[in-house]
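K.L.:
here is the input, now give the coordinates:
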Amino acid sequence: MDVLIEFLLSLILESSFELARSKRVSKWVRYPLIVLLSLLVLSLIIGTPVLGVYLIAVTGGSFGVTMGVILLALSALIIYLFVRKVRAVMSSRSSLSFDLLDISDESSVNELSSMASEIWHEHYEPILGRAQVDYMVERFLSPAAIKEQVGEGYSYRFAVAKGRKVGFFAYYPREGALYLSKIYLYKTERGKGYSRAILDHLKEVAASSSLPAIELNVNKHNDASIAVYEKLGFTRLREEKIDIGGGFFMDDYVYRYAVEEGEGK
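P.N.:
Just a heads-up that it's a prediction; the model follows:
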């Protein structure tokens with residue numbers, strides 16, 4: 001029962017968060033929906049114990065008392081799970097920090113390159129095949145390649161949760177937008193709200209640099225990442241096929257996230 005209730009609360013809360021942030025839905029639609037979802041949660045939290053007290057105090061009888069006690073116990077469980085879920089959602093975002101890569105620290109550069117290789121082989125081999133993954137990791141994410149990119153203006157940051165490096169991302173200004181070149185999390189760390197926290201950080205970076213949008217490329221067959229980006233509010237701009245040498249191509253979609261004026265200030 002508690003698993004079912006927590007699932008329903010998660011669905012309602014996360015839907016509210018996504019609706020509140022989404023630019024794909026008109027504010028005249030999303031705000032009333034958020035109110036309705038909030039009222040649904042309040043009705044569960046307030047209505048259930050009120051009904052329980054009513055059954056015990058008014059209806060009387062063993063059946064009424066038994067049902068009232070059950071509803072009060074259920075309401076206590078709902079409140080507990082609700083508070084736990086809110087704290088989990090908020091802490092997953094607030095507990096993440098972003099450590100800038102220092103390319104003078106060889107061990108950190110090597111660690112990031114090793115992290116990239118592990119994540120890429122786990123996630124991209126089924127999509128691109130081992131040969132292309134090996135080629136792209138060596139070309140774009142070797143220690144030498146990372147240092148070269150930083151010299152060209154890239155910023156690499158580790159995503160750190162409770163003292164553990166759970167992933168990394170890289171970005172740089174390009175053609176009037178903040179280009180998100182890389183964003184990778186370990187498989188065990190996905191689905192914890194970290195992508196949203198990273199996006200919030202990128203929005204601050206973009207706004208502080210007076211850049212109106214964040215853009216990225218994603219492989220057309222990378223369905224899991226596409227779903228995450230669209231959930232975060234990115235919209236598809238176009239298709240793009242890039243020859244990266246070695247007989248390999250990047251066959252991508254380009255996505256864009258519009259940064260609202262005043263964000264990050």
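
K.L.:
now do the residue of the chain positioned farthest from its centre, the pLDDT please.
P.N.:
Distance from the C-alpha centroid of the chain, by C-alpha atoms, centre = their mean, peaks at residue 61 (50.6 Å). Here, the pLDDT recorded for residue 61 equals 73.

K.L.:
list the contacts for the residue nearest to the spatial centre of the chain?
P.N.:
With distances taken as C-alpha atoms, centre = their mean, the residue of the chain nearest its centroid is residue 195 (2.8 Å). Applying C-beta atoms under 8 Å, 6 or more residues apart in numbering to residue 195 gives the contacts 183, 185, 228, 232. (C-beta placed from N, C-alpha, C; glycine too.)

K.L.:
what is the nearest of those to residue 139?
P.N.:
Closest approach between the contacts of residue 195 and residue 139, by C-beta to C-beta: residue 183, at 18.3 Å.

K.L.:
my read: that closest one touches residue 169, true?
P.N.:
Yes. Here residue 183 reaches residue 169: they are 4.1 Å apart, a contact under C-beta atoms under 8 Å.

K.L.:
okay, and the common contacts of those two?
P.N.:
Taking C-beta under 8 Å, 6+ apart as the criterion, residue 183 and residue 169 both touch residue 198.

K.L.:
how about the helices in the stretch 51-200 of the chain?
P.N.:
Listed in chain order, the helices found in the stretch 51-200 of the chain under DSSP state H, counting those that start in this stretch are 61-94, 106-128, 130-140, 143-151, 194-208.

K.L.:
ranking these by burial, who's on top?
P.N.:
Most buried of these, by mean neighbour count (mean count of other C-beta atoms under 10 Å): helix 194-208, with a mean of 19.
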